[in-house]
Structure formats: C-alpha cells, structure tokens
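>>> structure of the sequence below:
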Amino acid sequence: MNILSSGRVARILDRLHQDAEASDREHLQAMMAAIEAPGTSVEQVVADMIAEERADYRTIYRRYADNFLAVSPAYGRFLYMIARARKATRIVEFGTSMGISTIYLAAALRDNGGGHLIGSDLEPAKVTRARANLDAAGLADLVEIRAGDALETLKDVGGEVDLLLVDGAFSLYLPVLKLIEPRLKTGAVILGENAFDPGYLDYVRNPANGYVSQPLPVDEGRGNEFTVRTS
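Residues are numbered from 1 along each chain as shown. Reported below is the predicted structural model:
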C-alpha cells in the first residue's frame, strides 16, 4: 500500500479537493464565460491574460489570494506516479498555492524513501496554509516552501533536480525554467500545468534546447505539457 491511497494523506487530499472546488467555482465560471463570449477564443483569452501578467504579475496574482487554482485529482495522481517512476529525491515546484500538488509530490518522496521538495508562492497567506496542510498530511519534514517571487526564491535550489513542476504565473514559466535549467539532471522531468505561453512551448519543443516535449493528455484543455531534459 502507498501512502497516497489510504490514511491521513488520502483524507486530507479528499478534503482539500472539495475545498478547492468550492473556492474556485466562480473563478472557473468566469473563465468559461470569457472563453465562450462571441468573437473570442481560448487563444485570445490566454494571450490577453499573459499580456496583463507581463505588465504586473504580482498585482494580478494577488487577486487570487483566496483561490486554490489547484490541480485535479487525476493530475495529482499523475504527479505522484511520475515522481515515483523517476525515483525523484529533489523536486522543485513553482506555484505551490494551498499545497495540493505539493502533497502529491511529497507523498511520492516519502514512498521513494525520502528527499526534499522546494516550493514557492508569491502569496504569504497561501504559504501559511500550504504548510499547515502538509503538516496535517504528515509530510512537512520533506518540504520547504519559500514565500515571494520565484525568480528570487528559486535562485538557489541546493542541488541537482529530478523533477520540476511549473504551475504559477503563465508569463514566468520560461524564466523559471531557465533559472532552474542549470540544475536539471539529464532525464529530469518538467511538468507544465496550464503551459499556454507560446514562448515556453516553443522553447521546450525545440530539441536544440536539450528537451523533448509534447502535450500531456491528462485534463485536456488545461494546457498540460510533458517535457524531459535530454542533455
């Protein structure tokens, strides 16, 4: 039996996914209304969001201080499975939010025999809640969550990285990847959740940059990208 499937980790994830659904319902409804509005498209809505972020991503993400913006249970299980298959011992996460994805990854570290996960989130209140959720799940000893701008907090991750999850401000996916890139092991997995930025996708899909990458058919429509460092 793995710790993801029973006991306190399973219970806390069930509760958090319910909380996330309630918290994010209005936000998701507003997003769908914007996408379905006459004369627009997913691509245009995303392009507008990225442009707005690039002007001031700190202000934009403070609007979502109370939202989970969480991964789905299916994607969370995929995170766990990839971390187990990769035998990951050092994981970096950009965009911790309330810690749901962090719990899936930390559960994999526990079942792998231990390791270290470094997370980052811009909102101090989210960091506080994520730490409490990890403590409730019995996984806090595996995780360090840093509060602040990831371009500062993730400058030093202390060693080679087996797995990188990017799931924060869309416009920062490529800058964060390039920040962590010197630490990525050959064979490291990079998972982009909501990887809509064309610049990020062009970069990881170009073999000259040392990656093989393709869309991930989990939660299709959410822009999930699966990337492996090849050199």
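>>> quick one: mean pLDDT for the helix ranked longest in the chain?
Assignment by DSSP state H gives helix 7-36 as the longest helix of the chain. Averaging pLDDT along helix 7-36 gives 91.
>>> and stretch 64-79, by the same measure?
On average, stretch 64-79 scores 95.
>>> may I have the distance across that stretch, first residue to last?
One end of stretch 64-79 sits 23 Å from the other (C-alpha to C-alpha, to the nearest Å).
>>> buried sites along the longest helix of the chain?
9, 12-13, 16-17, 20, 23-24 (16 or more other C-beta atoms under 10 Å). Just so you know, the C-beta spots here come from the backbone N, C-alpha and C atoms, and that holds for glycine as well.
>>> and what of stretch 32-48?
Judged by neighbour count using 16+ other C-beta under 10 Å, the buried positions of stretch 32-48 are 45-46.
>>> ok so, going back, which one of the buried residues of helix 7-36 is nearest to Gly199?
Each of the buried residues of helix 7-36 was scored against Gly199 by C-beta to C-beta, and Asp24 proved nearest at 26.4 Å.
>>> quick one on the thing from earlier: okay, the buried residues of helix 7-36 in JSON lines with distance to Leu122 next?
Converted to JSON lines, those look like this (distance: C-beta to C-beta, whole Å):
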{"residue": "Val9", "distance to Leu122": "26"}
{"residue": "Ile12", "distance to Leu122": "23"}
{"residue": "Leu13", "distance to Leu122": "23"}
{"residue": "Leu16", "distance to Leu122": "20"}
{"residue": "His17", "distance to Leu122": "23"}
{"residue": "Ala20", "distance to Leu122": "18"}
{"residue": "Ser23", "distance to Leu122": "17"}
{"residue": "Asp24", "distance to Leu122": "17"}
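>>> out of the residues you listed, which is nearest to Ala88?
Looking across the buried residues of helix 7-36 and measuring by C-beta to C-beta, the closest to Ala88 is Val9, at 16.9 Å.
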